[in-house]
Structure formats: C-alpha cells, structure tokens
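Visitor: Any chance you can model this:
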Amino acid sequence: KEAERSKNMFALGLLSWMYHRPTEGTEAFLRTKFAKKPEIAEANVAAFRAGWNFGETTEDFAVSYEVAPATKSFPTGTYRNISGNLALSYGLIAA
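Guide: Next up is the predicted model:
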C-alpha cells in the first residue's frame, strides 16, 4: 500500500537525477510535510532515493539535462500562470 502511494516520489527522484537537481531540499520537504506520519515520510524518501538510484544505475537513459537555476529577477513584463487545459484551449482557438 505504501509503495503504491509513493510511486510519484519514485518518478520525482528519477526526474531529479535526470535534471541534476539536489536531493537534500526535497528530502527535507518530505520529512516536514509528513512529520505527523513518519512512516509515510520515510516511505516517500525511500521511494525518492530509489528513483534517483535507478537513474544512476540504469542504462535506459542515454542523455541527461543540465538546467540552470532561474535568476532571481525576471525582466519587467506581464506574466501569467495558466493550467495545461487553458493553454490547450488557447492553442485550439488560435489554430
């Protein structure tokens, strides 16, 4: 049951490996988020580490990506945060 709940953490660990993201912050967040249920926190951290380790040891991924951290100041302008559904709708309207 715990493994089924933690499958997203496995994927997050794999993506963290693929994009060279540090793991300490994510592990600390998981322990803080599930502080009232330490067994769930540890299951999530274990799944996260398993995803990271899978990326390290598998030969399925020929490439990995280096993504630089975002700068603290963005250029002046109007920014909008939209969902995938809204973006798809705008694309369909424009087409």
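
Visitor: Leaving out sequence neighbours, find the closest residue to A50.
Guide: F10 (5.7 Å; C-beta to C-beta, 6 or more residues apart in numbering). C-beta: built from backbone N, CA, C; applies to glycine.

Visitor: A47 and A11: what is the separation?
Guide: Counting by C-beta to C-beta, to the nearest Å, the gap from A47 to A11 is 9 Å.

Visitor: In terms of neighbours, single out the busier of the two.
Guide: A47 (22 against 13; other C-beta atoms under 10 Å).

Visitor: And the helix or strand hosting the more buried one, how far out from the chain middle?
Guide: Applying DSSP states H and E as the criterion places A47 in helix 38-57. Per C-alpha atoms, centre = their mean, to the nearest Å, the displacement of helix 38-57 from the mean C-alpha position of its chain is 12 Å.
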